[in-house]
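Colleague: Sharing a model that was predicted from the sequence below.
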Protein chains: 2
Amino acid sequence: MMRARDLAEAVDAGDLTPAALVELAAERITTFEPDIRAFAHLDLDAARLRAARMTTREGLFGLPIGVKDIIETAAMPTGHGSPLYTGHQPKADAAIVVMAEDAGGILIGKTATTEFAYLEPAPTRNPHDPARTPGGSSAGSAAGVAAGLMPLALGTQTGGSVIRPASFCGVAAVKPSYRLLPMAGVKPFAPLLDTLGLFGARVVDVAFGLAAISGRPLDVAGQDFGTPTFGVTRLPFAGAAAPESEAALLAAIRAIEAAGGRVVELGLPPILAEAHAAHQIINNYEGALALAYEHRRRRESLSPILLAALDAGAAIPVAEFDAARSRANRARKATQDLFAAVDVLLTYSAPGAAPGPETTGDARFNKLVTLLGLPAVNVPLHRHESLPVGVQVIGRFGDDLRALAAAAWLEARACPAAGS
Amino acid sequence: MMRARDLAEAVDAGDLTPAALVELAAERITTFEPDIRAFAHLDLDAARLRAARMTTREGLFGLPIGVKDIIETAAMPTGHGSPLYTGHQPKADAAIVVMAEDAGGILIGKTATTEFAYLEPAPTRNPHDPARTPGGSSAGSAAGVAAGLMPLALGTQTGGSVIRPASFCGVAAVKPSYRLLPMAGVKPFAPLLDTLGLFGARVVDVAFGLAAISGRPLDVAGQDFGTPTFGVTRLPFAGAAAPESEAALLAAIRAIEAAGGRVVELGLPPILAEAHAAHQIINNYEGALALAYEHRRRRESLSPILLAALDAGAAIPVAEFDAARSRANRARKATQDLFAAVDVLLTYSAPGAAPGPETTGDARFNKLVTLLGLPAVNVPLHRHESLPVGVQVIGRFGDDLRALAAAAWLEARACPAAGS
């Protein structure tokens, strides 16, 4: 994989140039993209041009970036993973694209997404096993970073579309606090849930990238935040995890305790189980509105799985939606007490290793965190046979720094090879 | 003016048809639009076609609707009030457009907006005095309804862009609770503030329209909600109002007391003054992000007033924005106590009657309400010489019904000619 932070340092030191970074990506893409199919659109010539013209040497230092194809770009088409938008050319860049480019990133292409970031699988394959899904909906961003096609890639999460594919593909990822990153120009699915996120090789890489793009002090590398206390929960209302996810969690706990960190088992208030159940109501109800045009005017062009969700959403009475929102609000308030005695929560990133390509996996260990708006990080610290399995570190709302710091601390202890 | 509720009843009774409604609008438009300039784009032929094909007789019963030109439409261009988007044709309708059409509304055109719904005046003139502004940013929607070009029109409010033009143009308008109406497909300016709203002749008309479009039980006509208690506040931290606005407020108070309603003077907690001051920080900071592409890549095409706001927004440190959000959140919590002893608040809709066309007026009596997300209604109950002046009725968050009911109650007592 391409390590964003190390590559940026190499550019800073004069050992690499933005142009060389783009060629590095281009070579990897030539070799692996025909199998991985991470990109919906690729424009290496534009990236070369931009690299040649780059004058500032700061922020992302010319790092190649992939952008999920529900994020609008003025210089590349934006297909939303749907035949309805094939070749669609937006007039403007999404805010996050302008921010990433102005931070010194070089956009190399649009990464494959499931249809409107829902569940219909993208053509992308898992780099660890072509017979497995890379996860969804940010399939191309997760698989592309895992295959070393680029060091950083933007995705979005409405259920578990950042943390789950990161776990399946063995990369780090951060889903920041709700609204830390601006959604203008990102095709909405469920605005109360939709959250931008970032993929990279290691936790320190996504922290570095998020800091540069957002302008917030989130770069955790080389700093001492003390030894974190982890509150473990298995989110019992979400169902059981497969043995490999339990093994990943136990490996994380062992690594924490071996390094002198504290791990406490955390009980969750009942309102969190209610909020977990509310996610699907909000997701489907809002989806049927955000995609009202596609759903009511172009339904023949939608996949059966999306159509079923939108039909279900359109049938939800408004009072049921309002009640679900109330439950979510009560749960957000209850969440604040959870962090009284712990720095972060620790749980599964996904129910198991990547399943076959007919699904994109299950978001049941991610939905609640998305609904609560808490920052979450996937730490890719375990393998089950050839397949990666991550764990999820979750922070207090607005405390993305502590979530990233604790995740980086864990990664350094659990996978010394990460070198972070 | 065209009274939405009465016209819908006439269609229901068989005395009018959707086709006749469109011709009624077309005649008024032929006569008045050359002077008013309410429309950025007009398509009466499409409206005629739709009216001729309409089969359902319910909801809006074929009422012609204008849609503010920052709201995307698949069948009409969407210019955002900016030369950057002249002739821009979106691929899809915004959610609210699909909802309005599926509720039986007939879209007749896109109404003129200030540039990206900010402060650069639109070409629209005030029907009550062509030398006065209709207000902004929803200029064409307010002026068009006031001139009787259509019975209902959609607008948006980020500062005071629904309530203020309604006051200046002498029409009713509702800015519902934050997020009651979906923003998908509406060009964002400040997503924490942006709120869709609706203009109509009387309060009962906007309540009728909002109920039909949203599918929520908000149609207040003919129901007895009891005699409301109004909590009067002059929002002292927003500065003084001109005599005509004070006269409108006093007229409202007299009408309430004459009808046996209760009016209590309300003190506001200091956090509301802090939140009032936070509005501009959030507005400018988010504006510089939501319009990042236009601001950073096309700045030569922006008006000086917008450019100044976005430059100011881009210079706000992220910690200052976070602090402003915190103040807004604390103020939202404090707001809940305000309604312990009153049903609704009553205050100015605008600092005075419509000023000259070089500005769009001042939103200082609207900003706080927008930031708090509270439902607000303009009641057009007063005249100062030839110019209308409204008052603002504000409800508890999520209690749009009570805000509309109290506003309709007041309107019926203060202006019996409204016949509501």
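Modeller: Here it is on my side, so go on. Numbering: from 1, shown residues only, chains lettered A, B, ... in the order given.
Colleague: Count the neighbours of A:Pro182 for me.
Modeller: 22 (other Cβ atoms under 10 Å in any protein chain shown). Quick note: C-beta positions are derived from backbone N, CA and C, even for glycine.
Colleague: Skip the chain neighbours and tell me the closest residue to A:Ala221.
Modeller: A:Val204 (4.4 Å; Cβ to Cβ, 6 or more residues apart in numbering or on different chains).
Colleague: Mind checking what secondary structure A:Leu381 has?
Modeller: Under DSSP: H, G, I helix; E, B strand; the rest coil, the three-state class of A:Leu381 is strand.
Colleague: Find the nearest non-adjacent residue to it, please.
Modeller: A:Ala414 (4.1 Å).
Colleague: What's the separation between that neighbour and A:Phe199?
Modeller: Distance check for A:Ala414 against A:Phe199: by Cβ to Cβ, to the nearest Å, it reads 19 Å.
Colleague: Kindly report the same for A:Met150.
Modeller: A:Met150 sits 9 Å away from A:Phe199, taking Cβ to Cβ as the criterion.
Colleague: more crowded one of A:Ala414 and A:Phe199?
Modeller: A:Phe199 (34 against 22).
Colleague: Surely the more buried one and A:Phe168 touch.
Modeller: No. Using Cβ atoms under 8 Å, A:Phe199 makes no contact with A:Phe168, being 11.7 Å away.
Colleague: Chain neighbours aside, what residue packs nearest to the residue nearest the centre of chain A?
Modeller: The residue lying closest to the centre of chain A (Cα atoms, centre = their mean) is A:Val162, at 2.3 Å. Leaving aside its sequence neighbours, A:Val162 sits nearest to A:Gly197 (Cβ to Cβ, 6+ apart; 3.5 Å).
Colleague: Could you say which helix or strand holds that neighbour?
Modeller: strand A:195-200 (DSSP states H and E).
Colleague: immediately after that strand, which helix or strand?
Modeller: Sequence-wise, the next helix or strand downstream of strand A:195-200 (DSSP H and E) is helix A:203-214.
Colleague: list the helices and strands that following helix packs on?
Modeller: The contact analysis (3 or more Cβ pairs under 8 Å, 6 or more residues apart in numbering or on different chains; DSSP states H and E) places helix A:203-214 against helix A:4-12, helix A:95-102, strand A:152-157, strand A:172-175, strand A:195-200, strand A:376-384, helix A:400-414.
Colleague: contacting residues for the residue in the stretch 301-420 of chain A positioned nearest to chain B?
Modeller: Proximity of the stretch 301-420 of chain A to chain B (Cβ to the nearest Cβ) peaks at A:Val318, 5.6 Å away. Residues in contact with A:Val318 (Cβ atoms under 8 Å, 6 or more residues apart in numbering or on different chains) are B:Ser214, B:Gly215, B:Arg216.
Colleague: What score does the first one have for pLDDT?
Modeller: According to the predicted model, the pLDDT of B:Ser214 comes to 98.
Colleague: Single out the most deeply packed of the helices and strands packed on helix A:203-214.
Modeller: Among the helices and strands packed on helix A:203-214, judged by mean count of other Cβ atoms under 10 Å in any protein chain shown, the one packed with the most neighbours on average is strand A:172-175 (a mean of 32).
Colleague: Can you list the strands that that strand pairs with?
Modeller: strand A:195-200 (antiparallel), strand A:376-384 (antiparallel) (DSSP bridges).
Colleague: Residues touching the shortest one, excluding its own?
Modeller: If I follow you right, that is strand A:195-200. Under Cβ under 8 Å, 6+ apart, the answer for strand A:195-200 is A:3-4, A:71, A:96, A:138, A:141-142, A:145, A:151-158, A:162-163, A:166, A:171-176, A:178-179, A:181-183, A:186, A:206, A:208-210, A:213, A:370, A:373.
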